[in-house]
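**Student:** the amino acid sequence is not available; the structure is as follows:
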């Protein structure tokens, strides 16, 4: 389970790096969302993995700075709306945090809204 989800996340990152734009990664985002919804008994595992993606930057990257991470989290949280992820994002939207990180956190937090303004970048939410 863990390796396949981690592989899927890596594929999201590498695809976004090679072909920027949501159209290239949306099928992977749908797969990630469906996996988390269907594998509800492992919700804690997925929360942990997402928290690591949000709060532990890769070498040389800002938190939420790796390509595809914002898209993965906002796409999935628009439907899942897990409070643990929202709390982590809220902790990044405070004075003293790098403005780029704050902006990314704010962007993902907007996905928690029923009428998410940024949803149109994904075919699933049009």
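**Tutor:** Yep, that arrived. This structure is a prediction, so every number in the text was calculated from the model and none was measured.

**Student:** so for this structure, the centremost residue is which one?
**Tutor:** With distances taken as C-alpha atoms, centre = their mean, residue 73 lies nearest the centre of the chain, 1.5 Å away.

**Student:** now for the one helix or strand that one maps to, which elements pack on it?
**Tutor:** Taking DSSP states H and E as the definition, one finds residue 73 inside helix 69-80. Secondary-structure packing of helix 69-80 (3 or more C-beta pairs under 8 Å, 6 or more residues apart in numbering; DSSP states H and E): helix 2-18, helix 22-38, helix 43-55, helix 83-92, helix 99-110. No exception for glycine: its C-beta is placed from N, CA and C like everyone else's.

**Student:** distance to residue 67 and mean pLDDT added to the ones you listed, as a markdown table?
**Tutor:** Compiled in a markdown table, the helices and strands packed on helix 69-80 are given as follows (distance: least, C-beta to C-beta, whole Å; pLDDT from 0 to 100):
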| stretch | distance to residue 67 | mean pLDDT |
| --- | --- | --- |
| helix 2-18 | 4 | 89 |
| helix 22-38 | 9 | 96 |
| helix 43-55 | 12 | 93 |
| helix 83-92 | 18 | 96 |
| helix 99-110 | 12 | 94 |
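
**Student:** residue 78 and residue 111 touch, don't they?
**Tutor:** Yes - with contact defined as C-beta atoms under 8 Å, residue 78 and residue 111 form a contacting pair (4.3 Å).
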